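Enquirer: no FASTA, just this:
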């Protein structure tokens, strides 16, 4: 009976320009990495992150788009390979959208190269009884690989409008808008068994797809081969990491930081702010609030803008390039065996690498993993060991000045610790690991426009996310300092900070900052190191502890949102002692061996 | 347990040589997850697959989709070679 209701609504829904209690709601559905987010951006004018790997979109985004004389709601959904059977968490989100009453019409976005797979999904979408349009995207890439799909024949068979598109260039967009008015329920035989659906899709594909063996995509195919073979892939990985170090660690963390910190803040903004404060603010307390040792401008803004921003910007630029090239998922082939020891599979390389950009976002990306156990381990490891771009900034800034051995020690210890914790978690936690099955995106030359937009938005997002917390942290320190409580904090922390970790007492307050955001704490270490108050060993120990802390309040809240309050606190309770004990152990070993860096 | 007889035309995907292609016959599985996921990625009976690489993981082409899988999965995909 419920089925009957669905059909009735479906028959009534697609008419444009009728009186409706709400705008027509159109869901963009399709396999991962077929360009749903590009179509969404083109229709709504609203940018959502576009990258070249499956799993960029893991949550639903809504936007408005004019279609004819009407304004419609467009819903961008996470990519799905199937809508029934075994689903990952992001796939379930999409299924709920398609199945729910909040979607009137489905636009299936399909990769023209993989029409057979797309048709299998069409068969599943059809079961929900919603009117639909099929958008064949990337017909240019399909053509370059010798594949032509007969859209007219497909349209005649399925009974739904089929539109050919190259969404990144905006081709086929007006045709898509026009086709929305003709949306219809597909004439697809109902197959309860996936196997029968596959046979149907296979037979239809044979009829509408013409493939020649000629391919014009030589360069991309050669690059795809070189990046996945160990003999060439590992040297390429080394080159990529070294370029990342040169661009972010040297150019960003040293050249740009020096420019901003010394020139802009050191010689420009800070003296000017102090001069203004001295002249116009009569109260010493208020003056100090802005320009004192814990001042909003002299500390908060200097840390967030001068020390962290340059690295975040350079990192996001380079990272966006790697994302759009389709390179990152190829690393999964090399990592699979190692990740298996930690109860994960190679697919986990995606959230892990993404964590280098932002652990909070990456925590959400763990939705692409197969089982709850894998998600939990990945979230734990992200919180424990993966430094986000902002923190990478300060690590490179401090240890770049000490020695390469110091840098190698830090990363060695952190990776080793992740490995140990992952290995233990894989054994302690209940549940299963899923098998490693991952689609590798084609290698593409990134589009400069997308790269710049993405970087710009991420930098803005960073500023919106991190700067307020930096300022809040500064205010907190200021208040503690005013109330003479910083002394107590240092005294309380003394047994751990000075005793166990062998650090100067003043580091205690930096760890307080580190609880709020570990990159903010690291920025505090940066200044301490610059003023010569930290030895090489102390820098390494302090940074190791800071890196192993839970990244920031936002990341903690995301863990709670994704996995619940109990799990959030459990992770906190595991990570914090591990961080401190590792630091203590490292301090002991370095002293025992007499290493100075 | 492997079903790779040298003389037989029915082999596991993992027993193919690099560059060799075949037609998928079935995906053997004890868990439904594996079959479902491979099906969703286009690895269905009748699909043409080409083995691209065996180490460190198995990489193969199915239609125009490049897929990376662990060895155990490749062992479970039965293909027919030489025919048609």
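Expert: That came through fine. This one's a predicted model, so the numbers in the text were calculated from it and none came from an experiment.

Enquirer: Just give me the longest helix of the chain.
Expert: Here I'm looking at chain A. Secondary structure of chain A per DSSP state H: the longest helix is helix A:448-482.

Enquirer: wrong one, I was asking about chain B
Expert: Secondary structure of chain B per DSSP H: the longest helix is helix B:32-40.

Enquirer: List of residues touching that one?
Expert: A:80-82, A:85-86, A:117, A:120-121, A:194-195, A:198, A:370, A:434-435, A:437, B:27, B:29, B:44, B:73, B:76-77 (CB atoms under 8 Å, 6 or more residues apart in numbering or on different chains). (Glycine included, C-beta is placed from N, CA and C.)

Enquirer: Go again with 6 Å.
Expert: Residues outside helix B:32-40 that contact it (CB atoms under 6 Å, 6 or more residues apart in numbering or on different chains): A:81-82, A:85-86, A:194, A:435, A:437, B:27, B:29.

Enquirer: Out of these, list just those in helices.
Expert: Those of the contacts of helix B:32-40 lying in helices (DSSP H): residue A:194.

Enquirer: Out of the contacts of helix B:32-40, which two sit at the greatest distance?
Expert: Farthest apart among the contacts of helix B:32-40 by CB to CB are A:194 and A:435. That separation is 17.5 Å.

Enquirer: Which residue ranges of the stretch 401-550 of chain A form helices?
Expert: Secondary structure of the stretch 401-550 of chain A (DSSP state H, counting those that start in this stretch): helices located at A:404-428, A:448-482, A:486-494, A:507-516, A:518-530, A:536-548.

Enquirer: returning to that earlier point: so for the longest helix of chain A, what gets flagged as buried?
Expert: A:450-451, A:453-455, A:458-459, A:462-463, A:465-467, A:469-471, A:473-474, A:477-478, A:480-481 (16 or more other CB atoms under 10 Å in any protein chain shown).

Enquirer: Of those residues, which ones also sit close to chain B?
Expert: Restricting the buried residues of helix A:448-482 to those touching chain B (CB under 6 Å from any CB of the partner chain) yields no residues.

Enquirer: which residues does residue A:486 contact?
Expert: Each residue near residue A:486 by CB under 6 Å, 6+ apart is listed here: A:480, A:509.

Enquirer: from chain B, which residue is nearest to chain A?
Expert: Relative to chain A, the nearest point of chain B is residue B:40 (3.1 Å; CB to the nearest CB).

Enquirer: What is the neighbour count of the residue of the stretch 151-300 of chain A found nearest chain B?
Expert: Using CB to the nearest CB, the closest approach of the stretch 151-300 of chain A to chain B is made by residue A:198 at 3.7 Å. Using other CB atoms under 10 Å in any protein chain shown, residue A:198 is surrounded by 25 other residues.

Enquirer: Just to be sure, it is in a strand?
Expert: No. Read with DSSP: H, G, I helix; E, B strand; the rest coil, residue A:198 is helix and lies in no strand.

Enquirer: For the stretch 51-200 of chain A, what lies in contact range of chain B?
Expert: A:81-82, A:85-86, A:113-114, A:116-117, A:194, A:198.

Enquirer: The closest residue to residue A:401 other than its chain neighbours and residue A:541, how far apart?
Expert: Distances taken as CB to CB, 6 or more residues apart in numbering or on different chains place residue A:529 nearest to residue A:401, at 7.4 Å, with adjacent residues excluded. According to CB to CB, to the nearest Å, residue A:529 and residue A:541 sit 12 Å apart.

Enquirer: Then residue A:472?
Expert: 27 Å.

Enquirer: and the residue at the greatest distance from the centre of chain A, backbone torsions?
Expert: Within chain A, residue A:282 marks the point farthest from the mean C-alpha position, 46.6 Å out by CA atoms, centre = their mean. The phi/psi pair for residue A:282 (degrees, to the nearest 10) reads phi -80, psi -20.

Enquirer: What of residue A:210?
Expert: According to degrees, to the nearest 10, residue A:210 has phi -120, psi 120.

Enquirer: Which residue comes closest to it once chain neighbours are left out?
Expert: residue A:148 (4.7 Å).

Enquirer: Give me the next element, helix or strand, following the helix or strand where the one you found lies.
Expert: Assigned by DSSP states H and E, residue A:148 falls within strand A:147-149. Counting by DSSP H and E, the next helix or strand C-terminal to strand A:147-149 is helix A:151-158.

Enquirer: what's near enough to touch the residue most central in space within chain B?
Expert: The residue lying closest to the centre of chain B (CA atoms, centre = their mean) is residue B:13, at 3.4 Å. In this structure, residue B:13 makes contact with B:74, B:77, B:79, judged by CB under 6 Å, 6+ apart.

Enquirer: ok, so of these, who is nearest residue A:303?
Expert: residue B:74 (50.3 Å).

Enquirer: what number of residues lie near residue 60?
Expert: Reading this off chain A. Neighbours around residue A:60, by other CB under 10 Å: 16.

Enquirer: my bad, chain B
Expert: 25.

Enquirer: Next: residue A:506.
Expert: 14.

Enquirer: Next, give phi and psi for it.
Expert: According to degrees, to the nearest 10, residue A:506 has phi -60, psi -20.

Enquirer: Just checking, which helix or strand of the chain averages the lowest pLDDT?
Expert: Since you didn't name a chain, this refers to chain A. helix A:2-12 (a mean of 41; mean pLDDT, DSSP states H and E).

Enquirer: that's the wrong chain, I wanted chain B
Expert: Ranking chain B's helices and strands by mean pLDDT, DSSP H and E puts helix B:32-40 last, a mean of 84.

Enquirer: Mind checking what helix or strand follows that one in sequence?
Expert: Defined by DSSP H and E, the subsequent element after helix B:32-40 is strand B:48-53.

Enquirer: Nearest to chain B: which residue in chain A?
Expert: For chain A, CB to the nearest CB, closest residue to chain B: residue A:81, 3.1 Å.

Enquirer: ok, and the closest non-adjacent residue to that residue?
Expert: residue B:40 (3.1 Å).

Enquirer: who in chain B is up against chain A?
Expert: Residues of chain B lying near chain A (CB under 6 Å from any CB): B:33-34, B:36-37, B:39-42, B:44, B:46, B:56-57, B:59, B:63-70, B:73.

Enquirer: Filter those down to the buried ones and express that as a ChimeraX selection.
Expert: Buried members of the residues of chain B next to chain A, defined by 16+ other CB under 10 Å, are picked up in ChimeraX with:
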select /B:33,34,36,37,39,40,41,42,44,56,57,59,63,64,65,66,67,68,69,70,73
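
Enquirer: Can you list the low-confidence ranges for chain B?
Expert: B:1-8, B:32, B:83-84 (pLDDT under 70).

Enquirer: how about 80 then?
Expert: B:1-8, B:29-33, B:82-84 (pLDDT under 80).

Enquirer: Can you pull out the residues in contact with stretch A:463-479?
Expert: A:294, A:296, A:299-300, A:303-304, A:513, A:516-517, A:520.

Enquirer: returning to what we had before: which of the residues of the stretch 51-200 of chain A next to chain B sits closest to residue A:270?
Expert: residue A:81 (54.1 Å).

Enquirer: Against residue B:64, how distant is the closest one?
Expert: For residue A:81 relative to residue B:64 (CB to CB), the value is 15 Å.

Enquirer: Let me know the distance separating the residue farthest from the centre of chain A from residue A:294.
Expert: Look at residue A:282 and residue A:294: by CB to CB, they are 20 Å apart.
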